[in-house]
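A.B. asks: okay, here's the prediction I keep looking at, along with the sequence it came from:
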Amino acid sequence: MSAITLDLENIKSFLSDEEIESTQDDITRIHEEIEKGNTPGSDFLGWLHLPGAISDKLIDEINGTAQKLRDNCNAFISIGIGGSYLGAKAAVEFINHSFHNQLSTQKRNGPELFFAGQNISSDYLADLLDIIEEKEVCLNVISKSGTTTEPAIAFRVLKNMMEKRYGKEGARDRITVTTDEAKGALKTVAEEEGYETFVIPDDVGGRYSVLTPVGLLPIAVAGIDIGELIEGARSFEKKTANPDMKENPAYLYAAVRNLLYRKGKTIEILSSFHPSLHYIAEWWKQLAGESEGKDQKGIFPASVDLTTDLHSMGQWIQEGNRIIFETFFTVEKSNREITIPRFDDDSDGLNYIAGKSLDFVNDKAYRGTAMAHLEGGVPNMTLTLKDRSPNTLGQLFYFFEKAIALSGNLLGVNPFDQPGVEFYKKNMFKLLGK
Ligand code: PA5
């Protein structure tokens with residue numbers, strides 16, 4: 001059963017049903033061309049049938065390594081950037097306890113979790129070294145190209161620390177590498193050192209790689225059931241095999257965002273109503289931004305956390321330049337319920353909502369916001385997730401991957417390359433004297 005629903009009620013005054021339906025022929029054509037491998041970037045379509053193709057053997061291998069790391073370490077560091085970082089970070093933040101690392105060992109499911117290599121900050125890495133000083137540490141270094149500077153620097157520093165602390169042999173047992181099967185500096189290091197290695201398939205690009213060992217290993221170390229996650233993705237792979245938008249919410253979402261873009265709505269704001277969605281929005285921004293922002297085209301993917309940002313960005317969204325549309329992003333059912341207590345003296349004036357759950361109030365905040373933004377001229381739709389389970393997350397990952405692949409093709413760009421990312425690197429290397 002689909003754990004994702006898309007509500008288009010607040011789009012209707014901007015887009016007619018006929019306009020949406022008019023895109024069906026293009027969508028069906030692109031769907032068929034993608035399936036045949038006839039669209040731009042077709043060398044990178046490995047993600048398309050990945051959920052159905054993942055073998056039980058690979059899942060068992062990943063779970064086996066994850067268990068070993070969970071048994072041997074109480075601090076796990078995932079090193080990577082972009083697609084080699086955001087999927088696992090999104091999963092952990094979506095599913096695990098909001099304060100995972102602060103929980104006691106008894107209450108925490110597995111090691112404390114850290115991320116490195118996603119910036120070049122001296123303070124960040126130095127602070128991380130402080131935090132892990134007295135912990136049993138394991139590392140998973142992830143890079144498809146095996147040459148990305150940010151994770152390479154973090155790995156060099158952390159490897160150095162590990163070898164001093166555990167010796168070469170000891171460090172070897174605690175370091176796992178996820179990279180290309182044959183090429184890249186990281187592959188060379190892994191071979192020379194004899195690190196356990198997982199392979200990123202050649203035909204899966206970084207931002208589409210969360211359901212490969214790139215995402216699956218750190219997610220499994222975090223105690224999340226990756227079998228359930230894959231199961232969810234598989235169910236959405238089946239659901240989106242049908243190009244008919246009435247049956248395929250990923251294509252409906254892609255069609256709507258493209259039609260709004262053509263009407264001058266060049267920024268999409270993903271407005272989350274649950275803090276656990278924050279990093280899913282970050283993952284989505286990479287997916288949408290790198291896939292579509294090229295050839296002087298593309299929707300700018302932005303995100304806000306609500307209701308937090310209603311007290312900062314809310315003003316802009318309500319009354320700023322009308323070049324935005326909004327996708328509200330909610331979870332129907334929190335993991336745990338808190339009810340607002342009644343105070344006899346009602347000194348804070350909240351007794352009118354006493355006895356109500358926070359979910360109830362949050363839902364009214366969302367509805368009130370959606371209405372206000374619509375009145376302010378912001379077309380908006382709502383993506384609702386049933387719950388915070390791995391299965392729902394698997395469905396969501398696949399939903400967005402399929403939607404953005406189709407959306408990029410509707411826009412007329414290659415959604416699977418990222419030539420623009422090289423420009424800063426060229427300048428940085430020159431300045432560094434590489
Ligand atoms: O989507 C992409 O391919 C990129 O954003 C990469 O994920 C990112 O640059 C990290 O690359 P790598 O995994 O090669 O270190």
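C.D. replies: Good, I have the coordinates.

A.B. asks: and the stretch 1-150 of the chain, which residues reach the ligand?
C.D. replies: For the stretch 1-150 of the chain, the contact set with the ligand under CB under 6 Å from any ligand atom comprises Ile81, Gly82, Gly83, Ser84, Ser143, Lys144, Ser145, Thr148. For glycine as for every other residue, the C-beta is placed from the backbone atoms N, C-alpha and C.

A.B. asks: now, these that are in strands?
C.D. replies: Secondary structure defined by DSSP state E assigns Ser143 of these to strands.

A.B. asks: what residues of the helix or strand harbouring Arg165 count as buried?
C.D. replies: Per DSSP states H and E, Arg165 falls inside helix 149-174. Across helix 149-174, burial judged by 16 or more other CB atoms under 10 Å covers 149-155, 157-159, 161-163, 166, 171, 174.

A.B. asks: and it, what does it pack onto?
C.D. replies: helix 56-72, strand 75-79, strand 112-116, helix 122-131, strand 137-143, helix 185-193 (3 or more CB pairs under 8 Å, 6 or more residues apart in numbering; DSSP states H and E).

A.B. asks: can you list these in TSV and add mean neighbour count?
C.D. replies: Formatted as TSV, these follow (neighbours: other CB atoms under 10 Å):
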stretch	mean neighbour count
helix 56-72	16
strand 75-79	27
strand 112-116	21
helix 122-131	12
strand 137-143	28
helix 185-193	16
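
A.B. asks: can you list the ones you listed in CSV and add mean pLDDT?
C.D. replies: Below are the helices and strands packed on helix 149-174 laid out as CSV (pLDDT from 0 to 100):
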stretch, mean pLDDT
helix 56-72, 97
strand 75-79, 98
strand 112-116, 98
helix 122-131, 98
strand 137-143, 98
helix 185-193, 96
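
A.B. asks: can I get the ones you listed in JSON lines including distance to Ser303?
C.D. replies: Putting those into JSON lines (distance: least, CB to CB, whole Å) gives the following:
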{"stretch": "helix 56-72", "distance to Ser303": "29"}
{"stretch": "strand 75-79", "distance to Ser303": "22"}
{"stretch": "strand 112-116", "distance to Ser303": "18"}
{"stretch": "helix 122-131", "distance to Ser303": "22"}
{"stretch": "strand 137-143", "distance to Ser303": "23"}
{"stretch": "helix 185-193", "distance to Ser303": "30"}
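
A.B. asks: averaged pLDDT, the helix holding Arg165. What do you get?
C.D. replies: Helix 149-174 comes out with an average pLDDT of 97.

A.B. asks: what's the closest non-adjacent residue to the residue of the stretch 301-434 of the chain found nearest the ligand?
C.D. replies: Nearest to the ligand, among the residues of the stretch 301-434 of the chain, is Gln418, at 5.5 Å (CB to the nearest ligand atom). In this structure, Gln418 finds its nearest non-sequential neighbour in Glu290, 4.6 Å apart by CB to CB, 6 or more residues apart in numbering.

A.B. asks: okay, now the one residue in the chain that gets nearest to the ligand: neighbour count?
C.D. replies: At 2.3 Å from the ligand, Gly206 is the closest residue in the chain, using CB to the nearest ligand atom. Gly206 has 27 neighbours, counted by other CB atoms under 10 Å.

A.B. asks: again with the one 10 residues further on
C.D. replies: Leu216 is surrounded by 28 other residues when neighbours are defined as other CB under 10 Å.

A.B. asks: please identify the helix or strand for it.
C.D. replies: Using DSSP H and E, Leu216 falls in helix 213-221.

A.B. asks: whether that helix contacts the ligand - can you check?
C.D. replies: No. Residues of helix 213-221 contacting the ligand under CB under 6 Å from any ligand atom: none, with a closest distance of 7.4 Å.
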